[in-house]
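Asker: give the three-dimensional model of this entry:
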Amino acid sequence: MSKLSMRSKIRVYWTTNPGDMGYGGPTSDWNGKSATYELCSVRKAVNFDYDLSQRIGQGTNRKILYIHDKQQVFLEELQEVLYNAEYLADCKKY
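Answerer: This is a model prediction of the structure:
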């Protein structure tokens, strides 16, 4: 896996299917050709949950999966990349 940076592109998969969240019913094919995703920058991926709640409703249950370089990454890793970049940008101001 290549190193995460602010230039990394993240595939963000999301679903509201109850089967994907552990309830009864069929599950989605997250990696199939029919799977839908949004290609995002790191900053947009970190804010994706909020933006999604504005589109589909704040109380809607959902599951979000972040993929970089064909491997799952966690929101905390994306936040760390973003915070480090913002910190370095602030340091350069002074």
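
Asker: what ranges do the strands span in this protein?
Answerer: Remark: strands assigned in the chain by DSSP state E are 9-15, 37-41, 63-68, 71-73.

Asker: make TSV from those strands and add mean pLDDT and mean neighbour count to it.
Answerer: From N, CA and C alone the C-beta is placed, and that goes for glycine too. Compiled in TSV, those are given as follows (pLDDT from 0 to 100; neighbours: other Cβ atoms under 10 Å):
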stretch	mean pLDDT	mean neighbour count
strand 9-15	94	18
strand 37-41	94	14
strand 63-68	94	17
strand 71-73	94	14
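
Asker: can you list those strands in JSON lines and add distance to F48?
Answerer: Output for the strands of the chain, formatted as JSON lines (distance: least, Cβ to Cβ, whole Å):
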{"stretch": "strand 9-15", "distance to F48": "5"}
{"stretch": "strand 37-41", "distance to F48": "6"}
{"stretch": "strand 63-68", "distance to F48": "7"}
{"stretch": "strand 71-73", "distance to F48": "13"}
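
Asker: give the residue spans of this structure that score low on pLDDT.
Answerer: Applying pLDDT under 70 to the chain flags the ranges 1, 32-34.

Asker: show me what the lengthiest helix in it is packed up against.
Answerer: Of all the segments assigned as helix in the chain under DSSP state H, the longest by residue count is helix 75-93. Applying 3 or more Cβ pairs under 8 Å, 6 or more residues apart in numbering; DSSP states H and E, one finds that helix 75-93 contacts helix 42-46, strand 63-68.

Asker: W30 contacts L65, doesn't it?
Answerer: Yes. Here W30 reaches L65: they are 6.2 Å apart, a contact under Cβ atoms under 8 Å.
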